[in-house]
Each structure stands twice: as structure tokens, then as C-alpha cells.
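K.L.:
Predicted model, plus sequence, below.
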Amino acid sequence: MAARLGAPGSGSRRHPDAVRSRIARLVAAGEAAHRLDLARLTGLSRSSIHTHVQDLVDAGLLHGDDAAGGGRGRPALRLSLAGDAGVVLIADLSAFSARCVVADLTQRVLAELTLPWRLVEGPQPTLSFLADRFADLLTRAGIPADRPRVLVVGLPGPVDVARGMAVRPPIMPGWDGFPVAERLAAAFDCPVLVDNDVNLMALGEARTVPPEQLPVLFVTVGAGIGAGFVLADGTLHRGADGAAGDIGHIRAPGADDVVCRCGKVGCVEALASTGALARRHAPTGAADGDDASAGTAGTAADDAAMRAFLGRLRDGLPDELRAVREAGATLGEVVALCIHMLNPRHVVVGGEVVEASDDLLSAVRGVVYRQALPLATRELTITRSVLGRDASMVGAMVLGVEHLLSPTGIGRFLDQDTGHGTARGAHPAR
């Protein structure tokens, strides 16, 4: 099932690209299937709607199919987003792997692969690796090189979305300030959107659960800890500078002696992340003297330690179960704080540690319902992820398609359509 696409607000009624964007998004969101629907929802005249719809159909962004008519006259034209109008490329990067996906505009996955990759290799080798993998996927799927319309990259660290780059990411040495979007845009000749991976997870989850479960707070536990928040209208809240949701570096009570790899002490990530648990509870002699909380992230040893810890957790070993319950209680304190600040309707906790055992989620629930005020929790649900490992991919699809259907994206799409270029802007909205 495809994730929900957001319907647009009122927007401009005079700028042609803004009008076409609103039309395309209403159709893509399932709010309008016919031109009469569009006229009713936009308040534009039928002649204006006809002109703009025809522009989008001629450019190949919308499909117009004759609906079965049961009465007199011409059958109504049923409109839909054209899945074959291009593809969205998705690069979902974690500390230890890279997932590359090619999807059409209806969110159908056409090709994908997941390969081991360590972000500590640095940005330039990583981007070259991605370019090669996407070239292989496009060739394998028989997709021309000029069909990518947008590339979405998810990074496991703080991201300056406007500039398309990571900002002092703790587990990505060498990535600070590197122009990821600029370099990839030059390679693929399409817009590149770079975002925090947890933001994409939150967006994917929120657009999949029923709308009445919004707002959604998504918390993920892995090599680090992060959160994303999706508002009641389905939009992602990034904050003023894109730093919203970086809860892993909130100070946990009673942990003044625990050093985090960000350089501060007492961060919840240094206590309750899977990486921290794996380092702190490694079998005797396995850590070889590494600092239990501030070890270098992104190494092969780190990955192996987390895999081993999760394996012991799945086997139900008592030390690991106790450690996860303690981590859940610590994380629950931070989640309760977020609930008081944000008042979500639904909290989702994701990550492999949640998939491996119910103990962390149970501990988070216990603390939240004990600590948070009744008004904030009386209709609150706290669950594991519906999408699991696909959450970030689904969120990236939503972000990519909605960017393509934005006024800027529509303008670029029509400019690339050589048979349509002279028509752009020729028909003011009425």
C-alpha cells in the first residue's frame, strides 16, 4: 500500500506552476479524480482547470483515462498521477550499510539493493559508491539515465536540509560540511534532498498509520538515538535549523560520569543506544580496553559487537535482557519529557533492539505512563514500527514525490519536457 501524499493548501491562484502543483497534488493525494473535483476544490474556472490539466497530461505527469460513462454525453476523464513519468532514487545510509532504491512516482519499487558500507570511509568514496550502484540499478531495470526526477538521501546524523549537508555528525567522521546534495546533483542532473534518516522514518510511519493517529513522535534506537516529529497535518517538523528531534544528546539523570562521543557527559545515547549497550556488555576481553561508552562508532568491530549483542538478546540471556530494560527506563524518561512538550497522539519506537525483544518497548511504556500527566497520555498509544526497516524508504518516497509535485518541481519537470516548454506560463489562472 502506498503511503499517503499530502494535499496542498490554498496557494497562489495566479502563478501557473503553483496552480499546476496544486492540481497535481490534489490528484496524487486522491482528493480529486476529475476536473469537476478540481474546479470545486480550487475555485478556478473550468476553462482554467482544463488548460492546466491538459498541460500536465501532455507533459506526461498526469494520466487521463476515460471513465465508464453510464449516462448521456462524454464520459468524465479520470485523472491519476503517471507512475512512468520518472523515478525517485533513494539512498538510505546507516553507519554500516547502504540501501539504494529506484521507485516510480506511484511508490512502486522497481529495483533495490542493500550492501555493507561503512560511512567512516568518508563522503567522497561513499558518493562514488552510490553513483555506481544507482547506475547499475537503472541499467538492470531498463530505465534511461535521464529518468531520475529527484534523489533523496537519508543520513544518520544532524543535517542542514537547506544546504544539503551533514553538520558535525558524531558517527560520520569527515562528513561535516561536505556538499552532499551539490555533488550528487551534478552526477544525476536532478534535485537532491538530504535529510536525517529518523526524519524520513517518522514521515514514512506517519503517512502509513491512520490520520487520526497523528501527531506522531518516532524514536529510533540503534548505533545512536534520534527522533522525528510529524505534525497533525502530516508535515515533518524540523525546527528552525533542522535540529529538531536530536534527543540522543539530552542529558539523562544520574549519568554524570558517562562520556558521550559528542564530547558531553550523560547523554541518553551514551547509556541506552544499541551501540552503547553492546560496548558496555561485551563478553569479558572482547572490548580490548575500549572506553565503554565513547568508543569510535562506525568501525567493523562496532558493527560486530552490536550484531553479537542483538543475538544474545534474541536468545533471552539474562544480562542482556536486564540491560535493555534499564536502557528502556532511561529512554522512557526522555520520551516522557518529549510527550509533555509535543503532546503526540502516537509514539513509535523503532530499531533492531525493539525487533529483537519486547523488553525495551515495555520499559519505555511503563515509565511514560507513570511519569507523564494523564491529559497527555489518556489517548496516547506507544507501539513498535509498522514499517520496520522500510520506514525511511517510505518516508523518502513521500518526500521525493511531493518535491516533484511542488511548484519548483513542476516547473523543472515542464522545462525538461521539450514539447511543452513554449506553453509554460502562457495560460494565467482564472
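P.N.:
Thanks, I have the structure now. Numbering: from 1, shown residues only.
K.L.:
top helix in the chain by residue count?
P.N.:
Taking DSSP state H as the criterion, the chain has its longest helix at helix 318-342.
K.L.:
Pull out the buried residues from that helix.
P.N.:
Buried residues in helix 318-342, defined by neighbour count with 16 or more other CB atoms under 10 Å: 320-321, 323-336, 338-339, 342. Using the backbone N, CA and C atoms, a C-beta is placed for each residue, glycine as well.
K.L.:
Same check on stretch 169-182?
P.N.:
169, 170, 171, 172, 174, 175, 178, 179, 180, 181.
K.L.:
Measure how buried residue 127 is and give me the count.
P.N.:
Residues lying near residue 127 (other CB atoms under 10 Å) number 18.
K.L.:
Name the nearest residue to it, ignoring sequence neighbours.
P.N.:
Using CB to CB, 6 or more residues apart in numbering and skipping residues adjacent in sequence, the residue nearest residue 127 is residue 183, 5.5 Å away.
K.L.:
Tell me the secondary structure at that neighbour.
P.N.:
Per DSSP: H, G, I helix; E, B strand; the rest coil, the local secondary structure of residue 183 is helix.
K.L.:
my guess is it meets residue 126, correct?
P.N.:
No. Judged on CB atoms under 8 Å, residue 183 makes no contact with residue 126 at a distance of 10.2 Å.
K.L.:
Which of those two has more residues huddled nearby?
P.N.:
The neighbour comparison of residue 183 against residue 126 (other CB under 10 Å) goes to residue 126, with 24 against 18.
K.L.:
what packs against the helix or strand harbouring that one?
P.N.:
Per DSSP states H and E, residue 126 falls inside helix 123-141. Taking 3 or more CB pairs under 8 Å, 6 or more residues apart in numbering; DSSP states H and E as contact, the helices and strands that helix 123-141 lies on are strand 87-93, strand 97-104, strand 109-116, strand 148-155, helix 180-188.
K.L.:
Now do residue 161 against residue 178, distance only.
P.N.:
15 Å (CB to CB, to the nearest Å).
K.L.:
ignore the last one, residue 372
P.N.:
Distance of residue 372 to residue 178, given as CB to CB: 40 Å.
K.L.:
any low-confidence regions in this protein?
P.N.:
Along the chain, segments meeting pLDDT under 70 span 1, 10-13, 66-76, 284-298, 417-430.
K.L.:
50 instead, please
P.N.:
Where the chain drops to pLDDT under 50, the residues are 68-71, 287-296, 418-423, 425-430.
K.L.:
For it, just list every one of the strands.
P.N.:
Applying DSSP state E to the chain gives strands spanning 62-66, 77-81, 87-93, 97-104, 109-116, 148-155, 159-160, 165-166, 192-196, 216-221, 225-230, 236-237, 346-350, 381-384.
K.L.:
In a markdown table, list these along with mean neighbour count.
P.N.:
Shown next, in a markdown table, are those (neighbours: other CB atoms under 10 Å):
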| stretch | mean neighbour count |
| --- | --- |
| strand 62-66 | 16 |
| strand 77-81 | 19 |
| strand 87-93 | 26 |
| strand 97-104 | 21 |
| strand 109-116 | 14 |
| strand 148-155 | 25 |
| strand 159-160 | 22 |
| strand 165-166 | 23 |
| strand 192-196 | 24 |
| strand 216-221 | 28 |
| strand 225-230 | 27 |
| strand 236-237 | 18 |
| strand 346-350 | 25 |
| strand 381-384 | 16 |
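K.L.:
Among these, which comes closest to residue 9?
P.N.:
strand 236-237 (15.5 Å; CB to CB).
K.L.:
Tell me which strands the closest one pairs with, and in which orientation.
P.N.:
Sheet pairing of strand 236-237 (DSSP bridges) gives strand 225-230 (antiparallel).
K.L.:
what's the angle between the partner strand and strand 216-221?
P.N.:
In terms of direction (axes from the mean of the first three to the mean of the last three CA atoms, to 10 degrees), strand 225-230 departs from strand 216-221 by 170 degrees.
K.L.:
what residues does strand 225-230 touch?
P.N.:
156, 196-203, 205-207, 214-220, 236-237, 244-248, 268-269, 272-273, 331, 338, 342, 344 (CB atoms under 8 Å, 6 or more residues apart in numbering).
K.L.:
Apply 7 Å and report the result again.
P.N.:
If you take CB atoms under 7 Å, 6 or more residues apart in numbering as the criterion, strand 225-230 is touched by 196, 198-199, 201-203, 206, 214-220, 236-237, 244-248, 268-269, 272-273, 338, 342.
K.L.:
List the contacts of residue 269.
P.N.:
By CB under 7 Å, 6+ apart, the residues touching residue 269 are 224, 225, 248, 249, 260, 276.
K.L.:
Which of those residues fall in helices?
P.N.:
residue 276.
K.L.:
now for the contacts of residue 269, which pair is the farthest apart?
P.N.:
Maximum pairwise distance among these (CB to CB): 12.6 Å, between 249 and 276.
K.L.:
So those two - more neighbours on which side?
P.N.:
residue 276 (29 against 20).
K.L.:
Against residue 59, how distant is residue 369?
P.N.:
To residue 59, residue 369 is 52 Å away according to CB to CB.
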